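Asks: Any chance you can model this:
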Amino acid sequence: MLIESQVANILNVRTYLLDQIKDFSVEQLNKIPDGFNNNIIWNLGHLTSAMQGLCYKRSGLKPAVEEQYVEPFIPGSKPEKYYNEEDVNAIKELLLSSPLKLQDDYQRGIFQEYTTVTTRYNVTLSNIDEAIDFVLFHEGLHAGYVMAMRKLV
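Replies: Residues are numbered from 1 along each chain as shown. From the prediction side, this is the model:
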């Protein structure tokens, strides 16, 4: 089934990112490199937040993760606080658990409605399947940011 392969790809990107930063300190994850307006841990939180917004909120559903891991990472935001070790561990855990929850919810058929949106990249999303496709593109975009930042922190 397509959802399983999409979620597997999302998890592959996220697992790769976590592997790339596994030896980084909490301070390094919070450091905003020159030329950037956010940091590695914000980008990781943003991946979970964006999936919640694109898939759940646009479907008229409550996010599947706690609001404290959605709102501070929405598009256009930037780090507003220092994320301590507990925060970092929670963000990393959600990075891997939220796609599995999405897959389960998709298979249970909870995504019945969708409010069409045109992203800042001029991609129009009209249903949950298009949203999930876009999530994978979005993952790659932010993976690039993380890879660039890791050389600067």
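
Asks: The most centrally placed residue in the chain in helix, strand or coil?
Replies: Computing the C-alpha centroid of the chain and ranking residues by CA atoms, centre = their mean puts Leu47 first, at 1.1 Å. Counting by DSSP: H, G, I helix; E, B strand; the rest coil, the backbone at Leu47 sits in helix.

Asks: what do you get for Pro75?
Replies: Assigned by three-state DSSP, the conformation of Pro75 is coil.

Asks: give me every residue that touches it.
Replies: Contact analysis of Pro75 by CB atoms under 8 Å, 6 or more residues apart in numbering lists His46, Ala50, Gly53, Arg120. C-beta coordinates here come from the backbone N, C-alpha and C atoms, glycine included.

Asks: just Glu71 next, same as before
Replies: The contact partners of Glu71, taken as CB under 8 Å, 6+ apart, are Ser49, Ser77.

Asks: how about the helices of this structure, start to end?
Replies: With DSSP state H as the criterion, the chain has helices at 2-20, 26-30, 40-51, 85-107, 128-150.

Asks: Please spell out the PyMOL selection for the buried subset of the contacts of Pro75.
Replies: Of these, the buried ones go into a single PyMOL selection, burial set by 16 or more other CB atoms under 10 Å:
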select buried, resi 46+50+53
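
Asks: what about Gln68, how many neighbours?
Replies: If you count neighbours by other CB atoms under 10 Å, Gln68 ends up with 11.

Asks: Next one: it relative to Val88, how far apart?
Replies: Separation of Gln68 from Val88 (CB to CB, to the nearest Å): 13 Å.

Asks: Ser41 touches Val88, doesn't it?
Replies: You called it Ser, but residue 41 is Ile. Yes: Ile41 is within contact range of Val88, at 5.8 Å (criterion: CB atoms under 8 Å).

Asks: what's the overlap in contacts for the two?
Replies: Leu29.

Asks: between the two, who's got more neighbours?
Replies: Neighbour count, other CB under 10 Å: between Ile41 and Val88, Ile41 has more, with 24 against 20.

Asks: Give the rounded mean pLDDT of stretch 106-122.
Replies: Averaging pLDDT along stretch 106-122 yields 97.

Asks: Understood, closing this out.
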